[in-house]
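In: Model the structure of this input:
(one chain, ligands or ions: 1)
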Amino acid sequence: MKQILLPAAMLMVLLSSFGLSATAQKKSRILFAKNPIVAHRGAFKKNQLPENSIASLRHAIQLKCTGSEFDIQMTSDDSLVINHDPHYNKLMIEETTYAELIKTPLSNGERLPTLREYTLAGLKGNTTTRLVFEIKPSKISKERAQLVAERVVRLVHQLGAAPMAVYISFDYDVCKKVKALDPQAHVQYLNGDKSPEEIKADGLDGVDYHYSVFQKHPDWIAQAKKNHIALNAWTVNTVTEMDWLLANGFEFITTNEPELLAERLQQTPPAKGWRLVWSDEFDGTGLPDDSKWNYDVGGNGWGNRELQYYTRADSNNAVVKNGKLIITARKEQREQNSYTSARLVTKGKGDWQYGRVEVSAKLPSGKGTWPAIWMLPTNGKYGGWPASGEIDIMEHVGYNPDTVYSSVHTKTFNHVKGTQKTKGLLLGTADAGFHLYAIEWTKNGISFFVDDQPFFSFRNSGKGAAEWPFDQPFHLLLNIAMGGNWGGKYGVDENLDTAIMEVEYVRVFQK
Ligand code: MG
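Out: The predicted structure is shown next:
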């Protein structure tokens, strides 16, 4: 398995002679799968295949993942083999010969694959799935990792795999080495400690970081896109994180659950033909973005004998932190009111006629709270409330914590007459976790969803504005009221000092 080692300069000449006109590329007409799914160590989990086995790689190709990742180590006698851990069957790979290692097969009977075998298996009949070569740092020396990098790049070119290859490593010098050897190579760094601007400055192509790194540095997402640095996140195995990354437009998502991610992709609004037209992911820190949000201010009871005073731009009542908008109602006197709170209103381009509006939120708890996610008409074309309509995407009252409500109000149907159109949904965990509250609104009707389950719809009767004033632009409101005709029906818990609603994001889509 020994190969003659060439100096880097000679290797460059060798690589350029293979060039990009390699026959493999001509024959295969590569069209990478148009999804972000990178199977981590192959698609191993669902079918209980060994990680990093050829079987798991073939399955990832069968699933048409856009990439399949695998880990490369070098044995003591310089064979490149595929294994995640530095040891295999309790033997340190870097200190063990290839012949010794292969005495023990993988759990499916496969022999521990060499890089050559693995790459050839990955090229066979594959026109969709990138081969993601992870070059492991050496425990022996930095120089040894450089040597592995050289050998991997050379073998990739010898086998005609360069057009299918993505290189990744935790060792930054390995990343730079690969790029120096093959300036056409696509190289992503794994360790999470370099900004996309630094990556660009060093000539690399992508950031492939643990997803928590992007949650801690949300500005790196925009920075990467601006600088054309590919975004990849590992190892993403839960729906919550998948949805977050999909919404943020990640090019690659590395997962042990490629089948689950494929399912999520079918569920996203863009997969259903919706186009994102407005959003706030609440990625900053401090007051809400004043290009997107206004405040309703004051404490006159708001027509419902409510107890709170709504403040303007006061971070005690509305603040963005840890990727969320936090609205806090506080027990504190302001003018004639015994509570302060916030009522945020979308402004500027934040009004829409028709579309899908979705808000991921965790509701407050406590008797007397009355949070709402709702919409009001921007122009009031059909007259004052309720003639021009109201759409309550979600309302919740603290005395009945297990139920959320959706309603519409119009001139004909409203709560003053007791004719409003309303439906409740039993949802025991509204104040314990985040749920997605959404509407899909067309000229024919409004459908209401919780966690993508439809549970209520209101149709356009065709009888005019008294029943259907919803042919005008509406804007969005987010607030916590305290007490009031509905929220305070059974009083307010005197011991409740704060009530908090958290909002992960607001997204508005149109077709
Ligand atoms: Mg890996």
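In: Just want to check the distance between residue 329 and the ion.
Out: Distance of residue 329 to the ion, given as Cβ to the ion, to the nearest Å: 46 Å. The C-beta positions use only the backbone N, C-alpha and C, and glycine is treated the same way.
In: hey, what's the spatially closest residue to that residue that is not a sequence neighbour bridged with?
Out: In this structure, residue 329 finds its nearest non-sequential neighbour in residue 341, 3.9 Å apart by Cβ to Cβ, 6 or more residues apart in numbering. Bridge pairing for residue 341 (DSSP bridges) gives the partners residue 310.
In: And the residue of the stretch 201-350 of the chain closest to the ion?
Out: Residue nearest to the ion within the stretch 201-350 of the chain (Cβ to the ion): residue 234, separated by 7.7 Å.
In: Would you enumerate the residues in contact with the residue nearest to residue 329?
Out: Applying Cβ atoms under 8 Å, 6 or more residues apart in numbering to residue 341 gives the contacts 308-311, 317, 327-330, 479-482.
In: hmm, try it at 10 Å
Out: Shown in contact with residue 341 (Cβ atoms under 10 Å, 6 or more residues apart in numbering): 299, 306-311, 314, 316-318, 327-330, 334, 364, 369-371, 479-482, 499, 501.
In: Of the residues you listed, which belong to strands?
Out: Applying DSSP state E to those, the entries found in strands are 308-310, 318, 327-330, 334, 369-371, 479-482, 499, 501.
In: Show me which residues of this protein are close to the ion?
Out: 71, 134 (Cβ under 5 Å from the ion).
In: mind redoing it with 6 Å?
Out: Within the chain, the residues that sit near the ion (Cβ under 6 Å from the ion) are 69, 71, 134.
In: could I get stretch 256-275 in CSV with only the CA atoms?
Out: Extracted C-alpha coordinates of stretch 256-275, given in CSV (Å, rounded to 0.1, in the frame of the first residue of the first chain):
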residue,chain,number,x,y,z
ASN,A,256,-27.3,11.2,11.0
GLU,A,257,-31.0,11.4,10.0
PRO,A,258,-31.0,12.0,6.2
GLU,A,259,-34.5,10.5,5.8
LEU,A,260,-35.9,12.8,8.5
LEU,A,261,-34.4,15.8,6.9
ALA,A,262,-35.8,14.8,3.5
GLU,A,263,-39.2,14.6,5.2
ARG,A,264,-38.8,18.1,6.7
LEU,A,265,-37.8,19.5,3.3
GLN,A,266,-41.3,18.4,1.9
GLN,A,267,-42.9,20.3,4.8
THR,A,268,-41.3,23.7,4.4
PRO,A,269,-43.4,26.5,3.0
PRO,A,270,-40.9,27.0,0.0
ALA,A,271,-41.5,23.3,-0.9
LYS,A,272,-45.2,24.1,-1.1
GLY,A,273,-44.6,27.1,-3.4
TRP,A,274,-44.5,29.9,-0.7
ARG,A,275,-41.9,32.6,-1.1
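In: how about the closest residue to residue 318 other than its chain neighbours, phi and psi?
Out: Distances taken as Cβ to Cβ, 6+ apart put residue 342 closest to residue 318, at 3.9 Å, once the chain neighbours are dropped. As for residue 342, its main-chain torsions (degrees, to the nearest 10) stand at phi -140, psi 150.
In: Residue 225 touches residue 248, doesn't it?
Out: Yes - contact criterion Cβ atoms under 10 Å: residue 225 and residue 248 qualify, at 9.3 Å.
In: got any residues that touch both of those two?
Out: What both residue 225 and residue 248 touch, as defined by Cβ under 10 Å, 6+ apart, is the set residue 231.
In: Settle it for me: which of the two has more neighbours?
Out: residue 248 (20 against 15; other Cβ atoms under 10 Å).
In: how far away is that one from residue 298?
Out: 36 Å (Cβ to Cβ, to the nearest Å).
In: Can you read off the pLDDT for the nearest residue to residue 45 once chain neighbours are set aside?
Out: Spatial nearest neighbour of residue 45, excluding adjacent residues (Cβ to Cβ, 6+ apart): residue 256 at 4.8 Å. Here, the pLDDT recorded for residue 256 equals 98.
In: Angles on the backbone of residue 256, please.
Out: phi -80, psi -10.
In: residues contacting it?
Out: Residues in contact with residue 256 (Cβ under 10 Å, 6+ apart) are 39-46, 51, 234-237.
In: same deal with residue 135?
Out: Counting by Cβ under 10 Å, 6+ apart, residue 135 has contacts 71-74, 80, 145-146, 148-149, 151-153, 167-171, 174-175, 177-178, 187, 190.
In: Give me the subset of the residues you listed that lies in helices.
Out: 145-146, 148-149, 151-153, 174-175, 177-178 (DSSP state H).
In: Can you pick out the most distant pair from these?
Out: Distances among the ones in helices among the contacts of residue 135 were taken as Cβ to Cβ; the most separated pair is 151 and 175, at 15.7 Å.
In: And these two? Which one has more around it.
Out: A direct count of neighbours by other Cβ under 10 Å for residue 151 and residue 175 places residue 175 higher, at 28 against 21.
In: Looks like the more buried one contacts residue 182 (just checking).
Out: No - using Cβ under 10 Å as the test, residue 175 is too far from residue 182 to be in contact (11.8 Å).
In: Mutual contacts of the two, please.
Out: By Cβ under 10 Å, 6+ apart, the residues touching both residue 175 and residue 182 are residue 167.
In: what's the burial count for the residue nearest to residue 318?
Out: For residue 342, using other Cβ under 10 Å, the count is 30.
In: Isn't it up against residue 294?
Out: No - the criterion here is Cβ under 10 Å, and residue 342 misses it with residue 294 at 11.0 Å.
In: Quickly list what's touching both of the two.
Out: When contacts are counted by Cβ under 10 Å, 6+ apart, the set common to residue 342 and residue 294 consists of 288, 312-313.
In: Let's see the pLDDT reported for residue 287.
Out: On the pLDDT scale, residue 287 gets 98.
In: Residue 46 and residue 259 touch, don't they?
Out: Yes - using Cβ under 10 Å, residue 46 is in contact with residue 259, at 5.3 Å.
In: Neighbour count for those two, which is higher?
Out: residue 259 (16 against 13).
In: same for whichever helix or strand the more buried one is part of, what does it pack against?
Out: Assessed by DSSP states H and E, residue 259 sits inside helix 258-267. Applying 3 or more Cβ pairs under 10 Å, 6 or more residues apart in numbering; DSSP states H and E, one finds that helix 258-267 contacts strand 37-39, helix 54-62, helix 239-247, strand 252-255.
In: and those, which is most packed in?
Out: With neighbours taken as mean count of other Cβ atoms under 10 Å, the helices and strands packed on helix 258-267 reach their highest mean count in strand 37-39, at a mean of 29.
In: and the gap between residue 428 and residue 450?
Out: Residue 428 sits at a distance of 12 Å from residue 450 (criterion: Cβ to Cβ).
In: Let's have the shared contacts of residue 342 and residue 294 in CSV, adding neighbour count.
Out: Formatted as CSV, the shared contacts of residue 342 and residue 294 follow (neighbours: other Cβ atoms under 10 Å):
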residue, neighbour count
288, 24
312, 13
313, 14
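In: now those residues in a markdown table, with distance to residue 128?
Out: Shown next, in a markdown table, are the shared contacts of residue 342 and residue 294 (distance: Cβ to Cβ, whole Å):
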| residue | distance to residue 128 |
| --- | --- |
| 288 | 42 |
| 312 | 53 |
| 313 | 50 |
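In: count of residues packed around the closest residue to residue 483 other than its chain neighbours?
Out: Distance criterion Cβ to Cβ, 6+ apart; nearest residue to residue 483, sequence neighbours excluded, is residue 307 at 3.8 Å. Residues near residue 307, counting by other Cβ under 10 Å, number 24.
In: so what's residue 307 up against?
Out: Neighbours of residue 307 in contact, by Cβ under 10 Å, 6+ apart: 299, 301, 329, 331, 336-339, 341, 368, 370, 481-484, 487-488, 492.
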